[in-house]
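Novice: Predicted model and sequence follow; I will ask about them next.
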Amino acid sequence: MHAKAKYRKDYKTPDFTATDIFLDFQLDPQHTVVTAKTRFQRLNSESTTLRLDGHSFQFASIKFNGSDFSAYKQDGESLTLTLPEESAGDFELEIVTILVPAENTSLQGLYQSGEGICTQCEAEGFRQITYSLDRPDVLARYQVKITADKTRYPILLSNGNRIASGESDKGQHWVEWQDPFPKPSYLFALVAGDFDVLHDEFTTRSGRKVALELYVDRGNLNRADWAMQSLKKAMKWDEERFGLEYDLDIYMIVAVDFFNMGAMENKGLNIFNSKYVLANAQTATDEDYLAIESVIGHEYFHNWTGNRVTCRDWFQLSLKEGLTVFRDQEFSSDTGSRAVNRINNVKFLRTAQFAEDASPMSHPIRPEKVLEMNNFYTMTIYEKGAEVIRMMHTLLGEKRFQQGMQLYIAENDGKAATCEDFVSAMERASGVDLTQFRRWYSQSGTPKLTISDSYDEKKHTYQLIVSQLTPPTADQMDKVNLHIPLKIALYDKNGIPITLLNNGDVVSDVLNVTQKKQVFEFHSVSSRPVPALLCDFSAPVKLDYHYSTEQLITLLKFAQNEFVRWDAMQMLFAAELRRNLTASQQGEELTFSAEILTALSHVLANYKENVELTTLILTLPKETEFAELFKTIDPDGIVAVRDFMQRTIAENLRAQLLETYNAIQQEEYRIDILDIALRSLKNICLQYLAFTETGNLIVNKHYLHANNMTDTLAALTAATKAQLGCRENLLRDFEEKWQHDGLVMDKWFALQATRPDSNVLELVQHLMLHPSFNFNNPNRLRALVASFANQNLKAFHAANGSGYRFLTDILIKLNETNPQVAARLVEPLIRFNRYDSQRQTLMKRALERLSEVEDLSKDLYEKIDKALNA
Ligand code: B3K
Ligand code: ZN
């Protein structure tokens, strides 16, 4: 392996920059000719060598200021020019390269998706198109001319404004685009194809009209409305909440089927995975609708946090991603239910990000060392990054946070900035000292807060004794104390909130935990209180406080904060699981606490007070969520105990579940908060009812009467998980109806991959030959293979190693076709230290086999090396 890691500390400003780039594309799937004319400027007057990044194309020619040029050296990843001293200050290069988009299965650079051609340049894909200064701190103005066959590619798009077009010979036509905003190469985009377009318009608050264009595959216009509505909502919200207005006269979104991730914020021309665009009641679930709204928002918000202000280097990725995730979370919370959004985001963070931080891939939100940048589009950078922004928001409050945002943008507009630029703006605008807080940027790992309390009955004082500790991680042994905002509330035994007082003054409910151990004291507390700790999940930490069942039930019933109520139930479920897991390991009988069943019944009985929260409280954590409670995971035990818990709740609450199920009647399908909430409550009842004796009847009927995908999929899921008699019929019916549509079939593939059946691996292997499956499509791979490896705890971790072998075989193939997706899929294998020694041995063997593969991509190499050589 020859690739060399890069270190954050080695950052140097570039010796040269590009100011203007003219790109000419003669498009053809088998033979695309790219002529790149770039105007360069020397920034370091000493330098006469210019190193350009580039690989995976055929290099045809180079001209220096219009003349032939041969003073260069080429290697597998770059072209280094020795420039003539007299003209090295300001010069033009014309470089011709030849590409084969049809054969580019990596889905980076210029590639074919279905019948169209598109690009993906972030992080370092532009260098697969031409030799360039492919780094985010080089900002240039782009002009792009695209010529292609008019019948195959009637639509030709790039960033900015369409400035000219025309016909050429042999049935070809051309379009020229110009982007007035200087941008880094990773934001360049091109799309060619035959699409249907949805047109709309948005008037900004200053009265400018922006043309909105949404491009979808022909025939898909009936699935484009929601995405367009979401875009308009996002544009309006960003004006209202952040005071940020769109800057170009046109905003385009194109949906493509072959895409490595969710979407890409290219300036004025977003390219989306069709999964995050296409939706109608028949094809998309409520969850899909909300995900579309959030991703459309996310990419739109990047226009300011990402595009107008971009990153100086890739180590600063969280500057744009953490901030933009925070912004999209706030958008969803302001538009929908704040509590539901917070709970779902926390669930995700606690499982996926905490697991990542405990893995060989652990890294701070601003990493120090990177080999393959694509490996760092992680939960940590995105989700923990957003939590760090959220903590600043908590410490500053909305008003001062927005002042900080304004200052940050004013100071950095049109520039490539650093995380430090952001924190410094927040600090200066608010006057809040963030010196210690900055450590969140450099320290990895999940801090643990250990809290105990004491109550003085005579003095009526209550103390919280808080200690913090961040255990060592794979990348960093020594840890320092962080500044952790700990939001709390106190309740009396009857669930009445107690005002937080200290020496007669009301004190903030956000405690500043900054030391290894601190004591917080509250006065005039008339009886021993029940503390609500880490309200709203005010910091991305683990909490260790010994709650009694009674205290948790008090919080579940009475806490004012919805997150706290939900979290209390999570702790109750966790305690049940732990106790039963120990019992099952010792061959004892499994039992379920009657108090908890009563509490659940109480919540269900009062569902009308808060429909969406009821659903979330009733939802048993997934196997993978439970798994994160343990240092060493027992896959079989967790699955068995969870199954027992599910059946016990179903049996004991049967009548009430059925009553609620029947009480919720919805005729028309509507996407609004209350309807979504009612549907999800009805469907959680269904999931439990499936495990009761009338399950087959109810589920079958639910499927037959469904008039939308949410209900259809709920029935299919219930039938599959409870292994009901009707399930094969239902699965077949779904397959027949949707086999022409890969996106819808992904739901079916994912369900098959997570079947509880013992022969599920065989089934998954068989499904890879299904006509709707396509190995080169990342959505299909994620639906079938990633669901199996990440969500089917028991089958993937089968003690005979069959799951590991299956995944390894796939990774060997993917290493050649799509290394980026391969490196995502290898994740469950590199986390071997979470399993027993027998499984560890098998997982390591699988990784060793992979490490011996010839031409191992640096994407896979980086992760396997970290895992095996830690
Ligand atoms: N910025 C892109 C992600 C690019 C991933 C490159 N491997 C999408 C987003 O976060 O909005
Ligand atoms: Zn993003």
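Specialist: That came through, no problem. Ligands and ions are numbered 1, 2, ... in the order given.

Novice: The protein against ligand 2: which residues are in contact?
Specialist: 321, 324 (CB under 5 Å from the ion). C-beta: built from backbone N, CA, C; applies to glycine.

Novice: so where's the chain uncertain?
Specialist: 1-2 (pLDDT under 70).

Novice: Any figure for the gap between the residue lying farthest from the centre of it and Phe522?
Specialist: If you look at how far each residue of the chain sits from its centre, by CA atoms, centre = their mean, the farthest one is Lys458, at 51.0 Å. From Lys458 over to Phe522 the distance is 15 Å, taken as CB to CB, to the nearest Å.

Novice: go on, Arg679?
Specialist: 42 Å.

Novice: now swap in Glu625 and tell me
Specialist: 33 Å.

Novice: Show me which residues of the stretch 701-850 of the chain are close to ligand 1?
Specialist: Residues of the stretch 701-850 of the chain lying near ligand 1 by CB under 6 Å from any ligand atom: none.

Novice: please redo it, this time with the cut-off set to 8 Å
Specialist: Gln820 (CB under 8 Å from any ligand atom).

Novice: Nearest to ligand 1: which residue in the stretch 701-850 of the chain?
Specialist: Residue nearest to ligand 1 within the stretch 701-850 of the chain (CB to the nearest ligand atom): Gln820, separated by 6.3 Å.

Novice: these two touch, right, that residue and Thr105?
Specialist: No - counting by CB atoms under 8 Å, Thr105 is not a contact partner of Gln820; they are 10.6 Å apart.

Novice: Comparing these two, which residue is more hemmed in?
Specialist: Using other CB atoms under 10 Å, the more surrounded residue of Gln820 and Thr105 is Gln820, with 22 against 17.

Novice: Can you pull the phi/psi pair for the more buried one?
Specialist: phi -70, psi -40 (degrees, to the nearest 10).

Novice: cool, and Ser274?
Specialist: phi -60, psi -20.

Novice: Repeat that for Leu784.
Specialist: Dihedral angles for Leu784 - degrees, to the nearest 10 - are phi -90, psi -60.

Novice: To which secondary structure element type does the closest residue in space to it that isn't next to it in sequence belong?
Specialist: If the residues on either side of it in the chain are set aside, Leu784 comes closest to Phe749, at 4.2 Å by CB to CB, 6 or more residues apart in numbering. Of the three states, Phe749 takes helix according to DSSP: H, G, I helix; E, B strand; the rest coil.

Novice: ok, Leu349 - contacts?
Specialist: Residues in contact with Leu349 (CB atoms under 8 Å, 6 or more residues apart in numbering) are 379, 383-384, 387, 537, 540.

Novice: Closest to ligand 2 out of these?
Specialist: Checking these against ligand 2 by CB to the ion gives Glu383 as the nearest, at 11.6 Å.

Novice: neighbours of the closest one, just the number please.
Specialist: Neighbours of Glu383 (other CB under 10 Å): 25.

Novice: got the contact list for it?
Specialist: 325, 345, 348-349, 352-353.

Novice: Likewise for Gln820?
Specialist: 106-108, 260, 374, 859.

Novice: and which of the residues you listed is nearest ligand 1?
Specialist: Out of the contacts of Gln820, the member with the shortest distance to ligand 1 (by CB to the nearest ligand atom) is Asn374, at 4.2 Å.

Novice: Which of the three states applies to the closest one?
Specialist: helix.

Novice: can you check Tyr462 too?
Specialist: Classified using three-state DSSP, Tyr462 is strand.

Novice: partner residues bridging it?
Specialist: Using DSSP bridges, the beta-bridge partners of Tyr462 come out as Tyr455, Phe522.

Novice: burial count for the residue of the stretch 101-250 of the chain found nearest ligand 1?
Specialist: Among the residues of the stretch 101-250 of the chain, Glu122 lies nearest to ligand 1; the distance is 4.1 Å by CB to the nearest ligand atom. Close neighbours of Glu122, defined as other CB under 10 Å, add up to 25.

Novice: and if you look at Val541?
Specialist: Val541: 20 neighbours (other CB under 10 Å).

Novice: Roughly how far does the closest residue to it other than its chain neighbours sit from Leu678?
Specialist: Of all residues not flanking Val541 in the chain, Pro447 sits nearest, at 4.5 Å (CB to CB, 6+ apart). Separation of Pro447 from Leu678 (CB to CB) stands at 39 Å.

Novice: Please identify the buried residues of whichever helix or strand Lys813 is part of?
Specialist: Assessed by DSSP states H and E, Lys813 sits inside helix 802-817. For helix 802-817, a neighbour-count test (16 or more other CB atoms under 10 Å) marks 803-808, 810-812, 814-815 as buried.

Novice: got it, and stretch 238-246?
Specialist: Going by neighbour count (16+ other CB under 10 Å), the buried part of stretch 238-246 is 238-239, 242, 244, 246.

Novice: And it, end to end?
Specialist: Stretch 238-246 has an end-to-end distance of 9 Å (CA to CA, to the nearest Å).

Novice: any idea which element Leu658 lies in?
Specialist: helix 654-663.

Novice: My read is that Pro540 contacts Glu387, right?
Specialist: Yes - using CB under 8 Å, Pro540 makes contact with Glu387 at a distance of 4.2 Å.

Novice: Which strands or helices does the helix holding Lys813 pack on?
Specialist: helix 760-767, helix 787-791, helix 793-796, helix 819-825, helix 827-830, helix 837-851 (3 or more CB pairs under 8 Å, 6 or more residues apart in numbering; DSSP states H and E).

Novice: Off-centre distance for whichever helix or strand comes after the first one?
Specialist: Beyond helix 760-767 on the C-terminal side, the first helix or strand identified by DSSP H and E is helix 778-781. The offset between the C-alpha centroid of helix 778-781 and the centroid of the whole chain comes to 16 Å, using CA atoms, centre = their mean, to the nearest Å.

Novice: Grab the CA positions of helix 778-781 and hand them over as CSV.
Specialist: C-alpha atoms of helix 778-781 as CSV (Å, rounded to 0.1, in the frame of the first residue of the first chain):
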residue,chain,number,x,y,z
PRO,A,778,-25.5,1.3,-3.9
ASN,A,779,-29.2,1.6,-2.9
ARG,A,780,-29.8,-2.1,-3.6
LEU,A,781,-26.6,-3.1,-1.8
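
Novice: Which elements pack onto it?
Specialist: helix 742-753, helix 819-825.

Novice: Figure out which of these is closest to Asp544.
Specialist: Ranking the helices and strands packed on helix 778-781 by their distance to Asp544 (criterion: CB to CB) puts helix 819-825 first, at 31.8 Å.

Novice: For the stretch 51-200 of the chain, which residues are neighbours of ligand 1?
Specialist: So the stretch 51-200 of the chain meets ligand 1 at 108, 120, 122-123, 125 (CB under 8 Å from any ligand atom).

Novice: can you tell me which of the residues you listed are in strands?
Specialist: Among these, the members falling in strands (DSSP state E) are Gln120.

Novice: Specify which member of the residues of the stretch 51-200 of the chain next to ligand 1 is nearest to ligand 2.
Specialist: Closest approach to ligand 2 among these (CB to the ion): Glu122, at 9.0 Å.

Novice: List the residues that contact the nearest residue to that closest one once chain neighbours are set aside.
Specialist: Leaving out its chain neighbours, the residue that sits closest to Glu122 by CB to CB, 6+ apart is Tyr186, at 4.1 Å. Going by CB under 8 Å, 6+ apart, Tyr186 touches 121-126, 134, 136.

Novice: where do the strands sit along the stretch 101-250 of the chain?
Specialist: 109-113, 116-120, 140-149, 155-158, 161-167, 172-183, 190-193, 195-203, 209-217, 250-256 (DSSP state E, counting those that start in this stretch).
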